[in-house]
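Peer 1: no sequence on this one, just coordinates:
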Ligand SMILES: Nc1ncnc2c1ncn2[C@@H]1O[C@H](COP(=O)(O)OP(=O)(O)OP(=O)(O)O)[C@@H](O)[C@H]1O
């Protein structure tokens, strides 16, 4: 398709550019027709970048041209816009729009695609154009724009003083959930967990519709919303109770919200209703099918705050933010994208409910014990494509024929899957035993209609098999006979003219033509009309050929059109079954996660942790799941853990401390041990088996970590202030059911301040909170606490000291380290000898005069008398 010539003035990049760049300031009456239309569309989408199809390009003008050229590093040029003169312009080839748009959307822009909807060659006057797609970071459907391994969430928040409602949806998979809470800090945490691509915020801002890109601020954005996301400022109206309620009732065709579980949650309703309205608004261009709204409660899950998620490197490493080296990386043995996404969701939302954990464990256990079942299942799962997203694209009318074939192939695997698990006993496998017959029928129908390997384009034919539709077959026969006619023509004309290398060819400009070498052109018969002369050939047409051509092209267009219509009908049928397909997809995803975890448990020798209601954490020979996989087999030194003193009348009321003071030289393995305990607990609460010989774990309500010292330059806070903020957060929120992992506290200030704070924090946790805690420190003075408080114990990571080196044993043993080896580490690192000697001298002096520990003990004993 090309635009009519009058529309595409040649661009002249070298012209000194003072082009017009603002659609608001331009005298519209002086714009040529196409630009007038452009500006009209732009008016409707003032906050999005408008990409406008002109010939083989998507072009953008005025202020958008400046933005697009800056963001995509494209040349900014200009074009004649009519009497007004030149307007700023930049463009991208039409076939590459997805690639360029992805970059813009990733940078936080909304993009509107205005495409030509009629063939430019047939257009009378201005080519007809319409908005065919609106893309915002949270409403993507295109396969190339989404990451298969993670959900792409659109969220909406409603805040009323200290209370909040949060809804979120993944348009590509249909997931739609809502919740509400009464602590704004929880809202922040929940948004951080979800990492939404776009968050809708109702405001009374004057610039409604604005999409704030990550880091951009607005006085209309509530403070509790973390700045690292895209926020879309929306009108308040759809978020009001009345509007939101009726949007939900209408959408889900229910009389009351009771069935959706949110009738008593007004803020959750408002957020969900507002989100739905936004999606429906988009839907005018691209329909989206969302699943039925589900309501959840954040306190039903283990709370892992952002700090802990980062410190425990759950989805990415701290050092360089990569997936490789994260917990998710080490656990992921899934076979499908749906399973990969589900595992990520589970890891970010571990369970509290022992029954729920048990159901997952039972499934893993069955799959571990039944190796053939596990292997066959993994084999079969690998043949299942992304049913969730394929269904989403079908429902929204963006799936192509290849997508439907992939979907049909995957649906065909489901009955095989259910036969495979027919004898299974565990809950997640049983869920696969019944596959609705309608899906097998649908798969059969799709396979029967669609050719095995259809083209990507759906309007150019070649999609539907012969024998499915008599009218289609008739049209195919006509086209085939026409093609045969053309083929015969070449043979006939060669015979007639005696020119052996005469050919019949086709191109877009001239249609069918007869080509003769120039040397033989004098032999061209009289009825040949010369159309084009090339270096070596002459091209002709004949009236007969042209007549036939018109017929052929019409017949082909008719055929393609009918194929397209049949395809769209099939696609709609898939869309109608979206709910059922997605239901089974969720079951497949869960089985895939568990099958992967079973495989992992077998490969790595994990054990099934016994989950209990009490506070005890008992791990025998635990290992760090990631470090272990990064080291050669057998190199990781396992270590055990005992934490969580039970009430004295409890049968398990043995000598388990609540708080462990962990000391040991630099690089001996303190941090590794600390994280290992957190990761084992977290893995256990997603239902996974754990890297240990034996484990008995009381369920935790929250895991807190305070690790390392990183300057938070973004918020301008010093290392020490970050540390204190994080510590304050822990002390204010931890409970006796929490697990607290502290790696160094008080190091960012003067030694005595630091030590005093560390001491007081440890004491407060052990005495007031009684959270299960491991406190790694270089302040050996803290070892004194264990002689004062009964629920504190000392552990150390041991090393072997040789005359000129230290051997790291990585073994955690009872007792406090009596030496810090810091000076030794400095010597090994190459500090000059004189500095080392002097340091030893100074240390000797300090130790001689230090009465910190003794003084504290005396005071505390006095206090307790
Ligand atoms: N149990 C173990 N088995 C084998 N190697 C281990 C073990 N624990 C730790 N390591 C190795 O030792 C390295 C140092 O461990 P880690 O960072 O935990 O030390 P650290 O005591 O916290 O040091 P620092 O006090 O300097 O922070 C790790 O990168 C890891 O490769």
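Peer 2: Now that the structure is in, tell me what you want to look at. Everything quoted here is computed from the prediction, not taken from an experiment. Numbering: from 1, shown residues only.

Peer 1: so is residue 334 in a helix, a strand, or just coil?
Peer 2: coil (DSSP: H, G, I helix; E, B strand; the rest coil).

Peer 1: who's in contact with it?
Peer 2: 340, 342-343, 381, 592-593, 595-596 (C-beta atoms under 8 Å, 6 or more residues apart in numbering). Just so you know, the C-beta spots here come from the backbone N, C-alpha and C atoms, and that holds for glycine as well.

Peer 1: Mark which of these are part of strands, please.
Peer 2: Using DSSP state E, the subset of those located in strands is empty.

Peer 1: which bits of the stretch 551-700 of the chain sit near the ligand?
Peer 2: 627, 635-637, 639, 664, 666-672 (C-beta under 6 Å from any ligand atom).

Peer 1: switch the cut-off to 5 Å
Peer 2: 636-637, 666-672 (C-beta under 5 Å from any ligand atom).

Peer 1: same check, this time on the chain
Peer 2: Close to the ligand, as judged by C-beta under 5 Å from any ligand atom, the chain has residues 636-637, 666-672, 810.

Peer 1: on that earlier part again, state the pair within the residues of the stretch 551-700 of the chain next to the ligand that is farthest apart.
Peer 2: Maximum pairwise distance among these (C-beta to C-beta): 19.1 Å, between 636 and 666.

Peer 1: more crowded one of these two?
Peer 2: residue 636 (20 against 16; other C-beta atoms under 10 Å).

Peer 1: Name the nearest residue to that one, ignoring sequence neighbours.
Peer 2: residue 628 (4.2 Å; C-beta to C-beta, 6 or more residues apart in numbering).

Peer 1: So that neighbour is in contact with residue 604, correct?
Peer 2: Yes: Residue 628 lies in contact with residue 604 (C-beta atoms under 8 Å); the separation is 7.3 Å.

Peer 1: Neighbour count: these two, which is higher?
Peer 2: Neighbours were counted for residue 628 and for residue 604 using other C-beta under 10 Å; residue 628 has more, 21 against 18.

Peer 1: Contacts only, for that one.
Peer 2: So residue 628 contacts 604, 636, 691 (C-beta under 8 Å, 6+ apart).

Peer 1: same thing with residue 413?
Peer 2: 380, 383-384.

Peer 1: Of the residues you listed, which is the nearest to residue 32?
Peer 2: Nearest member of the contacts of residue 413 to residue 32, counting by C-beta to C-beta, is residue 384, at 52.5 Å.

Peer 1: Check the secondary structure at the closest residue to the closest one other than its chain neighbours for me.
Peer 2: The shortest distance from residue 384 to any non-neighbouring residue, by C-beta to C-beta, 6+ apart, is to residue 410 (4.5 Å). What three-state DSSP gives for residue 410 is helix.

Peer 1: quick thing: my sequence starts at 727, can you match it?
Peer 2: Happy to do that; since the first residue is 727 now, the last one works out to residue 1136.

Peer 1: one step back: show only the entries of the contacts of residue 1354 found in strands.
Peer 2: Per DSSP E, the subset of the contacts of residue 1354 in strands is empty.

Peer 1: thinking again about what came up before, do you know how far the residue nearest to residue 1110 is from the ligand?
Peer 2: 41 Å (C-beta to the nearest ligand atom, to the nearest Å).

Peer 1: got it, and residue 851?
Peer 2: From residue 851 to the ligand the distance is 71 Å (C-beta to the nearest ligand atom).

Peer 1: Backbone dihedrals for that residue, both of them.
Peer 2: Main-chain torsions, residue 851, degrees, to the nearest 10: phi 80, psi -140.

Peer 1: Quick check, pLDDT for the residue nearest the centre of the chain.
Peer 2: Most central in the chain under C-alpha atoms, centre = their mean is residue 876, positioned 3.0 Å from the mean C-alpha point. In this model, residue 876 is scored at 92, pLDDT.

Peer 1: where do the helices sit along the stretch 1277-1426 of the chain?
Peer 2: With DSSP state H, counting those that start in this stretch as the criterion, the stretch 1277-1426 of the chain has helices at 1304-1330, 1351-1356, 1396-1411.

Peer 1: Check the offset of the longest one from the chain's centre.
Peer 2: With C-alpha atoms, centre = their mean, to the nearest Å as the basis, the distance from the averaged C-alpha position of helix 1304-1330 to the chain average is 18 Å.

Peer 1: Buried ones in it, by neighbour count?
Peer 2: By 16 or more other C-beta atoms under 10 Å, the buried positions in helix 1304-1330 come out as 1304, 1307-1308, 1310-1328, 1330.

Peer 1: rewinding a little: got TSV for the residues of the chain next to the ligand, with distance to residue 1002 and pLDDT too?
Peer 2: As requested, these are exported to TSV (distance: C-beta to C-beta, whole Å; pLDDT from 0 to 100):
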residue	distance to residue 1002	pLDDT
1362	49	95
1363	54	96
1392	54	81
1393	53	81
1394	55	86
1395	51	90
1396	49	91
1397	45	92
1398	46	94
1536	54	91
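
Peer 1: Widest-spaced pair of those?
Peer 2: Taking C-beta to C-beta, no two of the residues of the chain next to the ligand sit farther apart than 1362 and 1392, at 19.1 Å.

Peer 1: can you give me the mean pLDDT across the helix or strand hosting residue 1213?
Peer 2: Per DSSP states H and E: residue 1213 is located in helix 1196-1223. The average pLDDT within helix 1196-1223 is 90.

Peer 1: can you list contacts of stretch 943-962?
Peer 2: Contacts for stretch 943-962 (C-beta under 8 Å, 6+ apart): 834, 836, 862-864, 882-883, 885, 890, 910-911, 913-914, 917-918, 921-931, 933-941, 1000, 1004.

Peer 1: mind listing what residue 1512 touches?
Peer 2: 1383, 1387, 1518-1520, 1542.

Peer 1: hang on, the earlier thing: in this structure the residue nearest to the centre of the chain contacts residue 1070, no?
Peer 2: Yes: with contact defined as C-beta under 8 Å, residue 876 reaches residue 1070; the gap is 5.7 Å.

Peer 1: Which secondary structure state is assigned to residue 1525?
Peer 2: Residue 1525 ends up strand, using three-state DSSP.

Peer 1: Shouldn't residue 1491 be within a strand?
Peer 2: No: counting by three-state DSSP, residue 1491 is not part of a strand but helix.

Peer 1: in the stretch 1227-1376 of the chain, which spans are strands?
Peer 2: In the stretch 1227-1376 of the chain, the strands defined using DSSP state E, counting those that start in this stretch lie at 1229-1233, 1237-1243, 1255-1259, 1263-1267, 1336-1338, 1343-1348, 1365-1369.

Peer 1: What is the helix holding residue 1213 packed up against?
Peer 2: strand 1229-1233, strand 1237-1243, helix 1269-1302 (3 or more C-beta pairs under 8 Å, 6 or more residues apart in numbering; DSSP states H and E).

Peer 1: Without its sequence neighbours, what residue ends up closest to residue 1116?
Peer 2: Nearest one to residue 1116, counting by C-beta to C-beta, 6+ apart, is residue 1133 at 4.3 Å.

Peer 1: who touches the one you found in this structure?
Peer 2: So residue 1133 contacts 1111, 1113, 1116-1117, 1120, 1125, 1169, 1172, 1300, 1307 (C-beta under 8 Å, 6+ apart).
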